Each structure stands twice: as structure tokens, then as C-alpha cells.
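[1] what follows is a predicted structure for the sequence shown.
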Amino acid sequence: MGESGILFDTAYPTGVHRNGGPPTPPAGPVCKDTEFCCPDAKHCLTPKHVSCLNNATACSSDEVCCPLTKVCVDVGKPCVSPCQDQGTYCCPDAKHCLTPVPGVFCNGDAKNCQSGQVCCPVTDLCVDVGAACVPSFDDVMLMPPRK
């Protein structure tokens, strides 16, 4: 038990017991399955199939250009990215932190990406796969296991 009275348990996705009691079941993910939590914007973002890499005005008036992916997005709820590398986002489908190739769409096929990259099903961008992750949750912060 830490100084705050919180126990850590790696058997639960959140890794957290509250007040030394039984583990609290995780709340539902903040972002929908069609969204990703952008570590820079700190919001759930729904990607559109429009690149803003070379054109900052490519997005419609109700969209913004994601600073990480360089794709036009709709902005959703606030979130906290579980990825330690702030140049990555946690894909709710792949359950890994992904480093995007900004603005480079793969059109659903990894053959359109460089060797070793995959096609993210949520953003439709070519990406490099990083650490495993669990998408952000409503009322808990993901805690690393105690050493």
C-alpha cells in the first residue's frame, strides 16, 4: 500500500484498489472505439480521411488538425493518454501505442506502408507499433505496478 492508501494490483486493468478495499472494476473507456486519445490535444479524437499535413486549412469549420497525426478530426471528451511516449497514441483496436506517419493514409492495407509498419484501423494511417496499452478510463489513472 502506498502513502495515499492505494493498493496496486496488476491483475486489474487499472492496477488500483481504492482505500485498501476490493479492486474497483474499471469504468468504461473514455474514448469510443472509433476515437483515439491524443496526448497533445488531451481529448478523444475521431479521425476523418482528410490529411492536413501540407494544408492547415484542409479541415472543415467544425474539425481541427490533429498535431500528432496531421489528420482532420472531430474533438470529443477530455482524456489522458496511457502511452508514456507522447509521440504516440493508444489505439483502441490494436491495444498498442502507435507512432503515426503523419498524414500518410494506408487505405486499409499495410502494403501501402513502409516495411515493418502496419495500417491502423482507427486512423487509417501507417504506423510503427510500440508498447501495449489500455485505453484511457473515466475516473482512474493507470498506475504502474510497484517494484
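    That came through, no problem. Residues are numbered from 1 along each chain as shown.

[2] and the gap between A132 and D85?
    To D85, A132 is 13 Å away according to Cβ to Cβ, to the nearest Å. (Each C-beta comes from the backbone N, C-alpha and C, glycine too.)

[3] which neighbours do the two have in common?
    By the contact definition Cβ atoms under 8 Å, 6 or more residues apart in numbering, A132 and D85 are jointly contacted by C97.

[4] contact partners for the residue positioned nearest the centre of the chain?
    The chain has C90 as the residue nearest its centroid, 2.7 Å off, counting by Cα atoms, centre = their mean. Contact analysis of C90 by Cβ under 8 Å, 6+ apart lists 36-37, 81-83, 96-98, 133-136.

[5] how much space between it and Q117?
    Distance, C90 to Q117, by Cβ to Cβ: 17 Å.

[6] what's the answer for C83, then?
    Taking Cβ to Cβ, one finds C83 at 17 Å from Q117.

[7] same check on T57?
    With Cβ to Cβ as the criterion, T57 and Q117 are 28 Å apart.

[8] what does G103 give?
    Here G103 is placed at a distance of 14 Å from Q117 (Cβ to Cβ).

[9] thinking again about what came up before, who has more neighbours, T57 and Q117?
    Between T57 and Q117, counting by other Cβ atoms under 10 Å, Q117 is the more crowded of the two (20 against 7).

[10] so C106 sits right up against L125, yeah?
    Yes. With contact defined as Cβ atoms under 8 Å, C106 reaches L125; the gap is 6.5 Å.

[11] any stretches of this protein with poor pLDDT?
    1-29, 136-147 (pLDDT under 70).

[12] can you give me the helices for it?
    Using DSSP state H, no helices are found in the chain.
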